[in-house]
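Q: no sequence on this one, just coordinates:
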């Protein structure tokens, strides 16, 4: 019996459209240009992180160290400037730290063949601990005078559009070009689809896997800087929050299967929009925090179950396992 | 004395006697009868400190203050950092009970988790001092802020600023599980009950997270651009609330009241640049000094742990534009650590 194939992306888009419509009709003040911009602005950092996660998940990996990659290099910039270093030097140090974390992740996964789940869990803990123990004086690193001007990365607007949305858009374009227009992007899809076949056809799988994690780390660092600029400080304790689940939610909800090789930037945008609409609507409705978590958890469950039905395990995933 | 007798003058002799007696005393010194027992009561004792986590202004400030006050007396000061993990904290307290320090300084993550353990500790002969966040068990001493008062005074500030305006306010709570957040909310409710004209358009928990506070505030401000005030529950989180107000171009129009430990970068600097309009500070160095004083008193009193119980609520410092520039309104963590 032949079923009508509906991709997860289409289901999520339908859910998003339904939510959006009902909020627009029933929720006063939801469908205004101002509120739409706020909605996007609130999820811009999440969206940027979603792009980083997407690159890794498409290549059949997962990066749990992403929140540490957001918090620690970003915090390092603020801390170094506070201690009297120049802004460019601090940015360079943060970039190098991000690359180093990505290289270690990539090496562990590609060469030492540690499963990405464990490798990135460990490096994430290590990096967060390093920040806490050695780099930062306090969990919340405050903005200092040396950072003047840099807050424009996350505050204010460009041509009427809040800057953080513009940053998300730029990140989307860069990742889109990387994934769809370059050879490296094609390799990432090939590896995600079938790593062994990819290696047989001569793709340098190990270096490409390292590249994925370095890119994810750098995008994470960028997201951290946008976030720090947006709230004028870096709350490095965010590592202990549930943000990583939100990032995975965006990716999975958007329709990038955890078994790899599928999806792209559009999926991240759809996932981000759905989360943004949910959060914004729930805030306007003044739903208590616990209720919001409940609803988010339910939506994630439904998405994962739908994913299993629509992208069933076949012989290949049965042999290799997910992520 | 024999040479003095040669003059055979009684008055001189008397004078000389007294003159001889006084320098003799000064040379030998007078023993102050209580300091030795005080020093002995403190020397070699262990004071254990269990905050909810290190690395933020409050707990670092208490740590530095306690260390400075106690270590010169030979007190061994140990720290167990559960790093926001309530289970790890309960384990730390449990293992400390078997290690038998003289005093435990406990910063509770919530009202219930440690309560039974703290009672057990005092039964085993360990003084328990609870700081800033109390538990359901009343121990030898509580030193800390009165959250109800903080909520009341912040709300009073907001209500006053709202006079003649829209009377619409928003509340940005901390984490729902934290007692500090729930107590502060009670204080807010106390004042709002007296002011039925005030309308709360949003009351949400931002989980002590600046980014969440910013997102909530942005949405609320878009829905209610005529909002006249916000009660925020912690200055570390309300940096985000302030950023949202600033981005909406409403600085000075929306009155933001918050609270915190009064560290200069997190409090006074932000009041000065207009981010916060009122920051109720619980003045961490003074709290640390009170904790240390309580420890000294308890150890030297000879009292049995659990036999006496008292509280020291902190006198709050309201930081506004008027006093944000003064030396005394805020403190520097770097100075305290010297």
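A: That came through fine. As the structure is a computational prediction, the values presented were derived from the model and not from experiment.

Q: Can you show me the strands along chain B?
A: With DSSP state E, the ranges of strands along chain B come out as B:46-50, B:76-79, B:103-106, B:127-131, B:141-144, B:168-173, B:199-205, B:229-232, B:255-260, B:278-281, B:310-313, B:317-319.

Q: In CSV, list these along with mean pLDDT, mean neighbour count and distance to residue B:266.
A: C-beta coordinates here come from the backbone N, C-alpha and C atoms, glycine included. Putting the strands of chain B into CSV (pLDDT from 0 to 100; neighbours: other CB atoms under 10 Å in any protein chain shown; distance: least, CB to CB, whole Å) gives the following:
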stretch, mean pLDDT, mean neighbour count, distance to residue B:266
strand B:46-50, 95, 23, 21
strand B:76-79, 93, 16, 22
strand B:103-106, 95, 28, 22
strand B:127-131, 95, 26, 19
strand B:141-144, 94, 24, 18
strand B:168-173, 95, 26, 16
strand B:199-205, 93, 19, 21
strand B:229-232, 96, 29, 13
strand B:255-260, 95, 28, 6
strand B:278-281, 95, 26, 9
strand B:310-313, 94, 14, 22
strand B:317-319, 95, 21, 11
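
Q: wait, which of the ones you listed is closest to chain A?
A: Among those, strand B:199-205 comes nearest to chain A, with 3.9 Å by CB to the nearest CB.

Q: and the closest one, what other elements does it pack with?
A: Using 3 or more CB pairs under 8 Å, 6 or more residues apart in numbering or on different chains; DSSP states H and E as the contact criterion, the elements in contact with strand B:199-205 are strand B:168-173, helix B:179-194, helix B:210-223.

Q: roughly how far is it from the heart of the chain?
A: Centre-to-centre, strand B:199-205 and its host chain are 28 Å apart (CA atoms, centre = their mean, to the nearest Å).

Q: Just the residues contacting it, thanks.
A: Strand B:199-205 is contacted from outside by A:283, A:286, A:288-289, B:167-176, B:181, B:185, B:192, B:216, B:220, B:223-224, B:227, using CB atoms under 8 Å, 6 or more residues apart in numbering or on different chains.

Q: So which bits of chain B are right by chain A?
A: Taking CB under 8 Å from any CB of the partner chain as the contact definition, chain B meets chain A at B:53, B:55-57, B:60, B:83-84, B:176, B:202-205, B:207, B:209-211, B:214-216, B:218-220, B:222-223, B:236, B:239-240, B:242-243, B:246-247, B:265-266, B:269, B:275, B:333.

Q: can you list the strands of chain B in TSV and add distance to residue A:119?
A: Listed next are the strands of chain B as TSV, based on distance: least, CB to CB, whole Å:
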stretch	distance to residue A:119
strand B:46-50	33
strand B:76-79	32
strand B:103-106	37
strand B:127-131	40
strand B:141-144	43
strand B:168-173	37
strand B:199-205	34
strand B:229-232	39
strand B:255-260	38
strand B:278-281	43
strand B:310-313	49
strand B:317-319	46
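
Q: Just tell me which of these ends up closest to residue A:279.
A: With CB to CB, the closest approach to residue A:279 among these belongs to strand B:199-205: 10.9 Å.

Q: Partner strands of that closest one, with direction?
A: strand B:168-173 (parallel) (DSSP bridges).

Q: If I take the strand it pairs with and strand B:255-260, what angle do their directions form?
A: Interaxial angle, strand B:168-173 versus strand B:255-260 (axes from the mean of the first three to the mean of the last three CA atoms, to 10 degrees): 20 degrees.

Q: Okay then, goodbye and thanks.
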